[in-house]
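Asks: Sequence unavailable; structure follows:
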């Protein structure tokens, strides 16, 4: 009698839950493109934000449920490419860059290709077991969700301050080129996923979180813009800290390590 066929690993419930969240992120990315085609820019931006939140959740839930898998990692990478590489580029092209003709399309392609290269590099760096543990506190280049937020900054600012300036192809071109460069660079940036709140700081952290949620609800676009600006301001500090760690470490390689999410 033939033995029962083994169920695929990714069909186990503890692996299906994080994969389901990743599928929701893919749906959010596709919905952002759909909203853009309908000139509904605020829902499009919110769909990218939803994809970023889901991207942050799926990895954490996979670790909690011990449901990490190769299938899930590959699915997550594809979701990141769609939601943070393809969708933002399409949104900006439809929103502002069509007026720039072929040049506008070339810059949209530049950002998308840069994101593909960044994710491919991330996948290969996962196989490097020789990097010291402290490198997991850093990303190599700007991570995909942050890059999507940064490149959409002109659109986000236009919701609050009008689009007379921010919708100009020249302004959007600056962000497409600049963020594409950050994405493929080896500039070390902080991975905030490893931050743990000390037990004696839980109450202040909850108060700050509550204030942030309140600000996000009352003035979402201004709050998101401030968050993105603060993130940019952390990059010089991450570079300095990485160099300090490198000086103290026997690691001889120059490229920073990558964290668990591209």
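Replies: Structure's in. What do you need? Being a predicted model, the structure only gives us computed values, none of them experimental.
Asks: Which strand residues bridge the closest residue in space to residue 234 that isn't next to it in sequence?
Replies: Excluding the flanking residues, the one nearest residue 234 by Cβ to Cβ, 6 or more residues apart in numbering is residue 190, at 5.7 Å. Yep, even glycine has a C-beta here, placed from its N, CA and C like the rest. Beta-bridge pairing for residue 190 (DSSP bridges): residue 138.
Asks: Please verify my assumption that residue 190 contacts residue 239.
Replies: No - counting by Cβ atoms under 8 Å, residue 190 stays clear of residue 239, with 10.0 Å between them.
Asks: Now for residue 168, how many residues are close by?
Replies: When neighbours are counted by other Cβ atoms under 10 Å, residue 168 registers 15.
Asks: from now on call the first residue 92
Replies: In the new count, where the first residue is 92, that last one comes out as residue 259.
Asks: Which pLDDT value goes with it?
Replies: pLDDT for residue 259: 95.
Asks: Surely it is in contact with residue 183?
Replies: No - counting by Cβ under 8 Å, residue 259 does not reach residue 183; the two are 12.0 Å apart.
Asks: still on that earlier bit, residues contacting the residue nearest to residue 325?
Replies: 228-230, 325, 328-329, 332 (Cβ atoms under 8 Å, 6 or more residues apart in numbering).
Asks: Top of the residues you listed by number of neighbours, please.
Replies: Within those, neighbour counts (other Cβ under 10 Å) peak at residue 230, which reaches 27 neighbours.
Asks: Please enumerate the helices of this protein.
Replies: Under the criterion DSSP state H, helices of the chain are mapped to 104-128, 132-155, 161-172, 178-186, 193-216, 235-242, 244-252, 254-257, 260-275, 293-309, 311-339.
Asks: what's the offset of the first one from the middle of its chain?
Replies: If I follow you right, that is helix 104-128. Distance, stretch centre to chain centre, for helix 104-128: 14 Å (Cα atoms, centre = their mean, to the nearest Å).
Asks: and that helix, what does it pack onto?
Replies: helix 132-155, helix 161-172, helix 178-186 (3 or more Cβ pairs under 8 Å, 6 or more residues apart in numbering; DSSP states H and E).
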